[in-house]
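Colleague: how would this look folded up:
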Amino acid sequence: MNDPDLKTFDYIFTGEGKSDFQTQYGKLPVCVANRGNEAGVRTILVSGGLGTNYETLYDYFLSIHSITEGPMSLDEAMANAERLIRNACRNIGRLLK
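Modeller: Alright, predicted model coming up:
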């Protein structure tokens, strides 16, 4: 598979289960953001949850979002992950529209 021409993208969406300050130390979302930033494309982080000092990730991402809609257990979040991701991305898309 050929690498996409990132310069043709408006935004890149990436994510992980839980994002926190450790995400910046070699985890895939920051690698994706670095590639986007090098191409001049803004990257948005959508994660299952946000943890300690996630704010340090603003050095890499345009915006950072948790998919959870309120307090819920990990089991509940995982059981509803498809709906939660869809709703979070729809809400972000409405802002970007």
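Colleague: look up how far Val32 lies from the residue lying closest to Lys7 once chain neighbours are set aside.
Modeller: In space, and not counting its chain neighbours, Lys7 is closest to Ala39: 5.1 Å by Cβ to Cβ, 6 or more residues apart in numbering. No exception for glycine: its C-beta is placed from N, CA and C like everyone else's. Note on Ala39: its distance to Val32, by Cβ to Cβ, to the nearest Å, is 11 Å.
Colleague: Gly40 now?
Modeller: 14 Å.
Colleague: of the two, which one has the most company?
Modeller: Val32 (19 against 9; other Cβ atoms under 10 Å).
Colleague: in the protein, which strand is the longest?
Modeller: For the chain, the strand that runs over the most residues, judged by DSSP state E, is strand 42-47.
Colleague: so who does the nearest residue to Leu62 once chain neighbours are set aside touch?
Modeller: In this structure, Leu62 finds its nearest non-sequential neighbour in Arg42, 4.1 Å apart by Cβ to Cβ, 6+ apart. Going by Cβ atoms under 8 Å, 6 or more residues apart in numbering, Arg42 touches 10-12, 36, 62.
Colleague: do the same with Tyr58
Modeller: Ile64.
Colleague: just say helix, strand or coil for it.
Modeller: Following DSSP: H, G, I helix; E, B strand; the rest coil, we place Tyr58 in the helix state.
Colleague: and Thr23, by the same measure?
Modeller: helix.
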